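S.K.: Sequence first, predicted coordinates after that:
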2 protein chains.
Amino acid sequence: MNNFDFHNPTHILFGKGRITDLKDQIPDDAKVLIIYGGGSAERTGVLGQVRDALEGHSLVEFGGIEPNPRYATALKAVNIIHNEDITFLLAVGGGSVIDATKFIAAAALHDGDPWDILTSFGSVITQAMPFGSVLTLPATASEMNANSVITNPEKGAKLPFRSAHCFPVFSILDPEVTYTLPDRQIANGVADPFVHIIEQYLTYPVNAPVQDGFAETMMRTLIDLGPKALANPKDYEIRANLMWTATLALNGLIGAGVPQDWASHMIGHEITAYNDTDHARTLAVVLPSLMNDQRGPKCEKLLQYAANVWDIRDGSDNERIDAAIDATRAFFEDLGIKTRLSDYDVDASGIDHIVAALKDHGMTELGEHGEITPKDARRILEAAA
Amino acid sequence: MNNFDFHNPTHILFGKGRITDLKDQIPDDAKVLIIYGGGSAERTGVLGQVRDALEGHSLVEFGGIEPNPRYATALKAVNIIHNEDITFLLAVGGGSVIDATKFIAAAALHDGDPWDILTSFGSVITQAMPFGSVLTLPATASEMNANSVITNPEKGAKLPFRSAHCFPVFSILDPEVTYTLPDRQIANGVADPFVHIIEQYLTYPVNAPVQDGFAETMMRTLIDLGPKALANPKDYEIRANLMWTATLALNGLIGAGVPQDWASHMIGHEITAYNDTDHARTLAVVLPSLMNDQRGPKCEKLLQYAANVWDIRDGSDNERIDAAIDATRAFFEDLGIKTRLSDYDVDASGIDHIVAALKDHGMTELGEHGEITPKDARRILEAAA
């Protein structure tokens, strides 16, 4: 096992009816900016529940955070914070809203150009405003980590950052608020954590049976419950287990002490930056092709994945790896997520654009060995055409 | 899954050579009380590593915390804190030293009789001094939770408490410091987390596949690595995996959202209070007998445990449960841990004493259903004679 630090101070309040506990999580004298996305937070009643829970608090609202949240929009919220003397932020939404809130929390206290936060991958952040979240769309685990991804279409960039100052103080996870999510978002909310787990698991063995066993448990749970969640939208137990799995998939736990990959994510981000494809869907395109391409360096873990996640134990090494990749692709497709670039209107010139963007953004040494170059990414993308 | 809160702010620094990172975890201007146990912390060089890492800090030392740490000893440390204007505590040791430090941290800031902390199970605690730990003996997970158990021999009491104010700010886990531990402590450090896991797992199903899978992963890891740790004292990978497993076994993770038992612990504490038997050994005595006694209410989880932890899948329900209990007992015995009360010189009058103590301490409704009474505890103990 590798040396590691694990530190995750976010307080999770999980379960039915927990939004009412908001009042105890935010100081009485705080001036709160509620940050949300489109109209669904209002339509589903979640914003109403939040307002009720915070009755007596001083509230300002800022809606309009996009999927793949945009830099310019986040800066508008920063202006409101300064103009209104906001002291606490509350994200009400999914990963996009929480990601944006992290950026807003850091940018509001940043001296200098906020763009530096992204180009430094967060390393310039020395402080951030306190913020909590009410999660409405389980997928990214942004509710329990210090990671964020911000898109700047003017620069054709979708850039991740991280800072220890950007953990939510608390996050409220009520599985019932997910009952009204469209199938597309539920499917994304299964595929995205699945690939988060894979990025921290499918590398090379370092003798970490607990991290591996946790990862395998969660992948089996997603495989079991993903299709059931689509078939039974109001089954509390299914939604609860998916919600907690998505959070644990990227809260630092299973990645502690093991190598990590993240090449599928970095390549996928450039697909989204290119044509706004849903994040999870870009992962479902890249991952099976990357698994196939990297079967050499990933051989041992691919065989372990085949056996412990898919119960594939017979055949030659290559046959078992082929079967595991096929099962992975079929898992995504069965959720209604297409796994080819052509399904998302990305052609050869699109691949050219994506590979160029990887170079532009310094993504030239990807993967757990830092050996996946833009040339390799091109081969992986071409095989996913 | 049940509603739950999960909040664990302790920063873990894990791996070889991490004690040198102490200097960055404690404020430069802190006046530090180093709290430790017997002579082993000095003899093994860990205290020396700590002093080296904190060169330049103002340090005071307090040794002599006992296994099953004692109330009167902890109060001596509280006096030193007040007399020396200590601002930060550093526990260097195992669960006993860290447990004592939690009590000291709370008692130092408590108005009124510190005994109230124990009789209220911690609910009177409103603040505690900041403290960190350097773990030398993995077993209890005290390094990453807010729980403590303090013994008061004058009152024949061993009482647990918990407070959200009593999380370590940080804990340093260097597996290399465990190389010199005696076999007895390594064996205890396998059995104790095993039973911690069982207390959070072996109840009744609530549809929590992730928590169950995590628990089963860790139990299989302890079963695999426990005997190997005894045979290979300087195998870093084995010690590292045991150390991290022991921490994760009781940091709140696998207990979130599921019922919990803790009857074996409460009965075991009274055995220790009676004749100072090692905590882990009391658990190894009580657990197999309790599993057998409670096979009715625990039937479903016992069968799941048999299948997923021991790969016992053939036979009638009772046959599989019998085999799982036998395997559990053999696991403890193979670690050199005896599993009968007679092995620890507890006879019929000892059982009388232990059952009376359970009543005295209000432990009258134990287990996940609150249905294990002192009468049931007597039956469980008599079957463990």
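M.R.: Received it, and whenever you're ready, just let me know what you need.
S.K.: ok, residue A:176 - how many residues close by?
M.R.: By the criterion of other C-beta atoms under 10 Å in any protein chain shown, residue A:176 has 17 neighbours. (Each C-beta comes from the backbone N, C-alpha and C, glycine too.)
S.K.: Mind listing residues that contact the helix-or-strand element of chain A with minimal mean pLDDT?
M.R.: Least confident helix or strand, chain A: strand A:157-162 with a mean of 88, by mean pLDDT, DSSP states H and E. Strand A:157-162 has contacts (C-beta atoms under 8 Å, 6 or more residues apart in numbering or on different chains) with A:68, A:103, A:117-122, A:125, A:146-152, A:265, A:269-270, A:272-273, A:357, A:361.
S.K.: Going through these, which ones are buried?
M.R.: Among those, those scoring as buried are A:68, A:103, A:117-118, A:122, A:125, A:146-152, A:265, A:269-270, A:272-273, A:357, A:361 (criterion: 16 or more other C-beta atoms under 10 Å in any protein chain shown).
S.K.: Mind checking which of the residues you listed are in strands?
M.R.: Residues from the buried ones among the contacts of strand A:157-162 lying in strands, with DSSP state E as the criterion: A:147, A:148, A:149, A:150, A:151, A:152.
S.K.: thought residue A:260 was touching residue A:200?
M.R.: Yes: judged on C-beta atoms under 8 Å, residue A:260 makes contact with residue A:200 at a distance of 5.2 Å.
S.K.: Which one of the two is surrounded by more residues?
M.R.: residue A:200 (25 against 14).
S.K.: contacting residues around that one?
M.R.: Neighbours of residue A:200 in contact, by C-beta under 8 Å, 6+ apart: A:211, A:215, A:250, A:254, A:255, A:258, A:260, A:261.
S.K.: will you turn those residues into TSV that also has secondary structure and distance to residue B:228?
M.R.: Below are those laid out as TSV (DSSP: H, G, I helix; E, B strand; the rest coil; distance: C-beta to C-beta, whole Å):
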residue	secondary structure	distance to residue B:228
A:211	helix	18
A:215	helix	22
A:250	coil	31
A:254	coil	23
A:255	coil	25
A:258	coil	20
A:260	coil	27
A:261	coil	29
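S.K.: buried subset of these?
M.R.: Buried members of the contacts of residue A:200, scored by 16+ other C-beta under 10 Å, are A:211, A:215, A:250, A:254, A:255, A:258, A:261.
S.K.: Between the residues you listed, which sits nearest residue A:307?
M.R.: residue A:215 (13.4 Å; C-beta to C-beta).
S.K.: hey, which strand is longest across chain A?
M.R.: Max-length strand for chain A by DSSP E is strand A:4-14.
S.K.: I'd say residue A:76 and residue A:63 touch.
M.R.: No: using C-beta under 8 Å, residue A:76 is not in contact with residue A:63; the gap is 10.7 Å.
S.K.: give me the number of residues near the nearest residue to residue A:21 once chain neighbours are set aside?
M.R.: Nearest residue to residue A:21, sequence neighbours excluded (C-beta to C-beta, 6 or more residues apart in numbering or on different chains): residue A:13, at 5.4 Å. Using other C-beta under 10 Å, residue A:13 is surrounded by 23 other residues.
S.K.: now the helices for the stretch 1-150 of chain A?
M.R.: Secondary structure of the stretch 1-150 of chain A (DSSP state H, counting those that start in this stretch): helices at A:22-25, A:40-43, A:46-53, A:71-84, A:95-107, A:115-119.
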